[in-house]
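# Next come a sequence and a model predicted from it.
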Amino acid sequence: MLEVEVISGRTLDQGATVEEKLTEEYFNAVNYAELSEEDYNALGLQEGDRVKVKTEFGEVVVFAKKGNVPKGMVFIPMGPYANQVIDSATDGTGMPQFKGVKGTVEKTDEKVLSVKELLEAM
């Protein structure tokens, strides 16, 4: 298990599919976490592997990807998976904090839930 800082934000794929949230395209656009190559290798990950990301706000299982992020950081595209691990409080701004959430990431054999399954589990 690695201690990480979880961040989220918009991506081109997420933005292009956001209106169709129950489609396979949207699922694929938001169901992953990008890790640095060093962290990816430290966890012994391979293409298709899954990770569990945990913060004080919740946890979520997503697919792992090597990404262009700094060591110790995990990026999850904005959407229902990221929402499981960020603080929903907005401090009066109307937008939650999508950056700098302390958490952990570990390899898992657990299933990545579909968007529908994820929302039904809430």
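Yes, it's here.

# can you give me the helices in the protein?
12-17, 24-30, 37-42, 80-83, 115-121 (DSSP state H).

# dump the residue contacts of the residue nearest the centre of the chain.
Nearest to the mean C-alpha position of the chain, counting by Cα atoms, centre = their mean, stands residue 76 at 3.3 Å. Applying Cβ atoms under 8 Å, 6 or more residues apart in numbering, we find residue 76 in contact with 6-8, 30, 32-34, 53, 60, 62, 82, 85. No exception for glycine: its C-beta is placed from N, CA and C like everyone else's.

# For this protein, name the helix or strand with the lowest mean pLDDT.
helix 12-17 (a mean of 82; mean pLDDT, DSSP states H and E).

# What is it packed up against?
helix 24-30 (3 or more Cβ pairs under 8 Å, 6 or more residues apart in numbering; DSSP states H and E).

# Which residues does stretch 40-51 contact?
With Cβ under 8 Å, 6+ apart as the criterion, stretch 40-51 contacts 2, 33, 35, 61-66, 105-112.

# Filter those residues down to the buried ones and hand me the ChimeraX line.
In ChimeraX, this line selects whichever of those come out buried by 16 or more other Cβ atoms under 10 Å:
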select :2,33,35,61,62,63,64,65,105,108,112
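
# ok so, going back, between the contacts of residue 76, which sits nearest residue 15?
Nearest to residue 15 among the contacts of residue 76: residue 30, at 10.5 Å, using Cβ to Cβ.
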